[in-house]
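Asks: Got a predicted model here, sequence first, then my questions.
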Amino acid sequence: MLATFAALLVLPSFAEAADYSGRARVIDGDTISIRKQRIRIAAIDACERDQTGLKNGEIWPCGVAARSYLGKMIDGQHVRCDIIDQDQYRRLVGQCFLGETDIGLAMVRAGLAEAMLRYLPATHSISEVEYGQAENRARDKGFGMWSAKIERPHEYRRSKSSKMP
């Protein structure tokens, strides 16, 4: 009886979190905010805001490019996220959509994020094949980050954190 009552208390908060929607504000190339809740876009990894690379012999701000592209696509628009997890920083992680457009997949197709599928929970519904094919096409065509010499975003974060005192 007590377990049933406890389950009823938990279910409403899970139901609310399972589908989070509202006007989106872009934080960076793979993180948005909806109603003051940060949401990490599932299955992608984009350059950090301050990250740069070398493109055509010049410094290219890949993090600014990723954020700008995502901003042009969704900033201020109504976005729906199907929440599938929570990351180590307590951000919700979700597959997010603008209408029927999978935002993460659009970022991968543009070459402004790489597919990052290894951290997805087993219960996700994201097409690993579709994301993998999109990344391969972007890489083959030299779109976005694939047209520059950059440190992979997760390696960049790791190198920055190891330099902190």
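Replies: Nice, I can see it.

Asks: What average pLDDT does stretch 148-159 get?
Replies: Mean pLDDT, stretch 148-159: 94.

Asks: which parts of it are buried?
Replies: Buried residues in stretch 148-159, defined by neighbour count with 16 or more other Cβ atoms under 10 Å: 148, 150-151, 153, 156. Yep, even glycine has a C-beta here, placed from its N, CA and C like the rest.

Asks: where does residue 40 land in three-state SS?
Replies: strand (DSSP: H, G, I helix; E, B strand; the rest coil).

Asks: who does it bridge with?
Replies: residue 31, residue 93 (DSSP bridges).

Asks: Residue 31 is in contact with that one, correct?
Replies: Yes. Assessed by Cβ atoms under 8 Å, residue 40 is found in contact with residue 31 at 5.3 Å.

Asks: any shared contact partners between the two?
Replies: The contact sets of residue 40 and residue 31 overlap at residue 91 (Cβ atoms under 8 Å, 6 or more residues apart in numbering).

Asks: okay, those two: which has more neighbours?
Replies: residue 40 (24 against 20; other Cβ atoms under 10 Å).

Asks: how far away is that one from residue 125?
Replies: In this view, residue 40 and residue 125 are 17 Å apart by Cβ to Cβ, to the nearest Å.

Asks: try residue 62
Replies: Per Cβ to Cβ, residue 62 is found 29 Å from residue 125.

Asks: the more surrounded of these two?
Replies: residue 62 (28 against 8).

Asks: which residues does that one contact?
Replies: Applying Cβ under 8 Å, 6+ apart, the residues near residue 62 are 47, 51-53, 112, 144-145, 148, 150.

Asks: Leaving out the residues flanking it, which one is nearest to it?
Replies: Take residue 62 and drop its neighbours on the chain: the residue closest to it by Cβ to Cβ, 6 or more residues apart in numbering is residue 47, 3.8 Å away.

Asks: Also residue 27?
Replies: residue 33 (5.8 Å).

Asks: Tell me how many other residues crowd residue 46.
Replies: The tally of other residues near residue 46 (other Cβ under 10 Å) stands at 28.

Asks: Nothing else from me, thank you.
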